[in-house]
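Engineer: pasting a predicted model and its sequence here:
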Amino acid sequence: MRIWLKRAGFVFALLFLVLTLVNASWLAPDPKGAPKLIAHRGLAQLYDHAGVGRDTCTADRIEAPFHRYLENTIAGVLRAQKLGAAMVEVDVAPTADGEMVVFHDWTLDCRTDGAGNVRDATLAQLKTLDIGYGYTADGGQTFPFRDAEFVGAMPTIEELADALPRRGRLMINFKSGDADEADLVSAKLAVIGRDPAQAGDGFYGHPDPVARIRELHPDVWAWSPAEARECSQDYVTFGWSSYLPQSCRGATMIVPLNYQWAFWGWPNRLIARMEEHGGKVLVIGPHGDDTARGLTLPEQLGEIPDSFNGYVWVEDGFNIIPALIQRFDDRTQEEIDAGFAALAARRAAQ
């Protein structure tokens, strides 16, 4: 019995050593490049995520505003890009007259002074709305974004893309399952002569429009959250063997900040495996309570290994982007002070 126990112990120790070496990050080549930040909705007003569902209005639960930017606007996207975001995520929706606007919600009731479904309105109708109308941080006592500045500020996808500087890149979110929306986005970008692959744009969302955009633009980064979750789960299950699952090849892997330890060979070995097979790695904020979102605090950047060269999803681009990329920080001292105060309040609320 003792002999068999010794043999089993030896085999276990040998297997442990082999798996350790196979997945040793320090034995993998150093990844080239630096982290690339994706600013979720550009510069936006952050809000309390507790109890938020698909149709929850989030404009009436925002934090006390510390900047004047709203999500999915040209101004918010340009400022995020100017600060150093590698990509800016935006949401798109078709209109009743065949245009494509940049707007998050399915309905107009939450954020604007309009009502009804976005997809039932014409572009001319949408251009009359105040898109800052519904934002409040104090239960409706004040509405700090009800302003002429935001009347008519819902852009079309071509208006937004055309306003970008040459290095500006978009991550376009398809919110519906209608594959025809991929054709519409592609056609609208073609109007301004923008080739998504050459521009470095990406697409994600429902599998159906994502599949269609791949047909139209085979070389673009296109992914669905379901595919990314499958890749991540398969890798956590099988990555110990050094085998990269088929679900990860040429695909996107999502790594939650608080589960980095579960990913075999993190970070260098994992990155080498994904890069060898044309995949991309995206770090998001802590995963819990069935929610997943981007980083909300600058110090969370310090939890990501220095050698990581993939993508990082961020919610508060106004504070987090300059924390990583100082050379593009054009914020005034007043803006910096306001941002620090907002971060202090956010930390105290957690």
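Structural biologist: On my side now, so go ahead. The structure displayed is predicted, hence computed values, not measured ones.
Engineer: from now on I want contacts and neighbour counts done on CA atoms only, so please keep to that.
Structural biologist: Will do.
Engineer: element containing residue 51, please.
Structural biologist: Using DSSP states H and E, residue 51 is not contained in any helix or strand.
Engineer: look at it and say how many residues are nearby.
Structural biologist: Neighbours of residue 51 under the rule other Cα atoms under 10 Å: 8.
Engineer: what about it, distance to residue 61?
Structural biologist: Distance of residue 51 to residue 61, given as Cα to Cα, to the nearest Å: 11 Å.
Engineer: now do residue 115
Structural biologist: For residue 115, the distance to residue 61 - Cα to Cα - is 19 Å.
Engineer: could you do residue 82 as well?
Structural biologist: 28 Å.
Engineer: again, but for residue 140
Structural biologist: The value you get for residue 140 to residue 61, if Cα to Cα is used, is 9 Å.
Engineer: contact partners of stretch 282-300?
Structural biologist: Stretch 282-300 is contacted by residues 40, 252-259, 301, 310-316, 319-320, 323, 343 when judged by Cα atoms under 8 Å, 6 or more residues apart in numbering.
Engineer: can you check stretch 157-168 too?
Structural biologist: Taking Cα under 8 Å, 6+ apart as the rule, stretch 157-168 contacts 73-74, 78, 81, 86-87, 92, 100-102, 170, 185, 188-189, 191-192, 194, 199.
Engineer: apply 7 Å and report the result again.
Structural biologist: Contact with stretch 157-168 is made by 74, 78, 81, 87, 100-102, 188-189, 192, as judged by Cα atoms under 7 Å, 6 or more residues apart in numbering.
Engineer: quick one: mean pLDDT for that stretch?
Structural biologist: The average pLDDT within stretch 157-168 is 96.
Engineer: thinking again about what came up before, can I get the contacts of stretch 157-168 in a markdown table with neighbour count?
Structural biologist: Shown next, in a markdown table, are the contacts of stretch 157-168 (neighbours: other Cα atoms under 10 Å):
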| residue | neighbour count |
| --- | --- |
| 74 | 25 |
| 78 | 20 |
| 81 | 27 |
| 87 | 27 |
| 100 | 22 |
| 101 | 25 |
| 102 | 25 |
| 188 | 19 |
| 189 | 18 |
| 192 | 12 |
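Engineer: of the residues you listed, which is the nearest to residue 221?
Structural biologist: Using Cα to Cα, residue 87 comes nearest to residue 221 of these, at 11.8 Å.
Engineer: am I right that that closest one is in contact with residue 38?
Structural biologist: Yes - using Cα atoms under 7 Å, residue 87 makes contact with residue 38 at a distance of 4.7 Å.
Engineer: what distance do you get for residue 159 to residue 100?
Structural biologist: Residue 159 is 10 Å from residue 100, by Cα to Cα.
Engineer: what of residue 63?
Structural biologist: Residue 63 is 29 Å from residue 100, by Cα to Cα.
Engineer: that older thread, redo the contacts of stretch 157-168 as TSV? Include pLDDT, distance to residue 245 and secondary structure.
Structural biologist: Converted to TSV, these look like this (pLDDT from 0 to 100; distance: Cα to Cα, whole Å; DSSP: H, G, I helix; E, B strand; the rest coil):
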residue	pLDDT	distance to residue 245	secondary structure
74	98	39	helix
78	98	38	helix
81	97	34	helix
87	98	27	strand
100	98	36	strand
101	98	37	strand
102	98	35	strand
188	98	36	helix
189	98	34	helix
192	97	39	coil
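Engineer: from these, which is closest to residue 224?
Structural biologist: When those are compared against residue 224 (criterion: Cα to Cα), the nearest one is residue 87, at 16.9 Å.
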